[in-house]
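Colleague: here is my input; please provide its structure:
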Amino acid sequence: MLLLAPLALVGAGPAGTAAAASTGFPLPLPGGPGDPVGANDWGCRPTAERPTPVVLVHGTIGDRRSLLDPLSAAVKGAGFCVFSLDYGNRGTGDIAASAKQLKAFTNRVLAATGASKVSMVGHSQGGMMPRYYIKFLGGATVVDDLVGLAPSNHGTVLTGGTALAILTGPLFEGICVACNQQAVGSDFLRRLNAGDETPGKVSYTQVTTRYDEVVVPHLSGYLRPGPRTTNTTIQDSCPGDPAEHLLIPMSRTAIAWTLDALTRPGPARKDFRPAC
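Modeller: Model (predicted):
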């Protein structure tokens, strides 16, 4: 609940108006119980044009729908089968255990759709946690694209009195294991990032925002450069986009980068320029 509290502030005053304009959706933000728009149709069958189902992965303190309606609707509208899961007690549990839940969910998607691979789009922890599945749990053979939106790939210094900083403090010790695992220099992140940060033949696209108040610094979401890796910050292509950590899954700019990654071989084009 602490992480959701800033949503009320986002909706107040000029900042809230700017955020609504950026996302194209009025505030309060869509979400709540149930599935994201267009997601979890277990009768959906991939097409020859869109052979890879897309799995959406929420962030810490989130659920399978939180903040993901616009993203899900856009991916579904582009012709993909879309699925979204709950994991890790709202993403607060041990990240390695959450990755095992992601593996089980992915296997279910593959069995239901008959696809040989999936792509994944994750927000915050949801952009980083699939890398554990890819690196340590066999996901490299079944993941085609991984798109991270404000991913916590190298952690956060938790400055500025953010809700995550509170959750990692002594008052909440043990309640949010994943929060501590996402701190810069944690044992979990050292192991995840040791050696190859982008294993397998997976295409990696990392989309950050310079206004991120949770993953700090925002460039810690970037992965080591390589032929299958694209790192971008949404304000580099759309300077007026005000989306911060919570709103990035709803940002038109971020969604455009996501679709560019999903609809072509390899990661998003480094020279891609979305309509702002």
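
Colleague: Ala111: how many residues sit nearby?
Modeller: 10 (other C-beta atoms under 10 Å). Every residue, glycine included, has its C-beta placed from N, CA and C.

Colleague: how about the contacts made by it?
Modeller: Ala111 makes contact with no residue under the criterion C-beta atoms under 8 Å, 6 or more residues apart in numbering.

Colleague: over to Asn231?
Modeller: 206, 208, 221-223, 225.

Colleague: how close does it get to Arg65?
Modeller: 28 Å (C-beta to C-beta, to the nearest Å).

Colleague: show me where the stretch 51-200 of the chain has its helices.
Modeller: For the stretch 51-200 of the chain, the helices defined by DSSP state H, counting those that start in this stretch occupy 69-77, 88-91, 95-113, 125-136, 163-167, 177-181, 187-193.

Colleague: which other helices and strands does the last one contact?
Modeller: Meaning helix 187-193. helix 125-136 (3 or more C-beta pairs under 8 Å, 6 or more residues apart in numbering; DSSP states H and E).

Colleague: and for the helix it packs on, what's in contact with it?
Modeller: 56-60, 62, 87, 91, 95-96, 98-100, 102-103, 106, 120-122, 139-140, 143, 146-153, 178, 182, 192, 196-197, 199-200, 202, 206, 221.

Colleague: filter these down to the ones in strands?
Modeller: The members of those that map onto strands under DSSP state E are 56-57, 120-122, 143, 146-149, 206.

Colleague: that older thread, which of the contacts of Asn231 ranks first by neighbour count?
Modeller: Neighbour max across the contacts of Asn231 (other C-beta under 10 Å) = Thr208, 28 neighbours.

Colleague: my guess is that one contacts His218, does it?
Modeller: Yes: counting by C-beta atoms under 8 Å, Thr208 does reach His218; the two are 4.4 Å apart.

Colleague: shared neighbours, these two?
Modeller: In contact with both Thr208 and His218: 150, 233, using C-beta under 8 Å, 6+ apart.

Colleague: need the distance between the two termini of stretch 195-208.
Modeller: 23 Å (C-alpha to C-alpha, to the nearest Å).

Colleague: which one of the contacts of Asn231 sits closest to Pro249?
Modeller: Nearest to Pro249 out of these is Thr208 (C-beta to C-beta; 12.5 Å).

Colleague: most tightly packed of the helices of the stretch 51-200 of the chain?
Modeller: Among those, ranked by average contacts under mean count of other C-beta atoms under 10 Å, first place goes to helix 125-136 (a mean of 26).

Colleague: let me see the mean pLDDT of that one.
Modeller: Helix 125-136 shows a mean pLDDT of 98.

Colleague: now do that helix and helix 95-113, the angle between them.
Modeller: Computed by axes from the mean of the first three to the mean of the last three C-alpha atoms, to 10 degrees, the angle separating helix 125-136 from helix 95-113 equals 80 degrees.

Colleague: export only the CA atoms of helix 125-136, formatted as PDB.
Modeller: The C-alpha coordinates for helix 125-136 follow below in PDB (Å, rounded to 0.1, in the frame of the first residue of the first chain):
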ATOM      1  CA  GLN A 125      11.100  -5.900 -10.400                       C
ATOM      2  CA  GLY A 126       9.100  -7.500 -13.200                       C
ATOM      3  CA  GLY A 127      11.700  -6.300 -15.800                       C
ATOM      4  CA  MET A 128      14.500  -7.700 -13.700                       C
ATOM      5  CA  MET A 129      13.100 -10.900 -12.200                       C
ATOM      6  CA  PRO A 130      12.700 -12.700 -15.600                       C
ATOM      7  CA  ARG A 131      16.500 -12.400 -16.000                       C
ATOM      8  CA  TYR A 132      16.800 -14.800 -13.100                       C
ATOM      9  CA  TYR A 133      14.500 -17.200 -14.900                       C
ATOM     10  CA  ILE A 134      16.500 -16.800 -18.100                       C
ATOM     11  CA  LYS A 135      19.900 -17.200 -16.500                       C
ATOM     12  CA  PHE A 136      19.300 -19.900 -13.900                       C
END
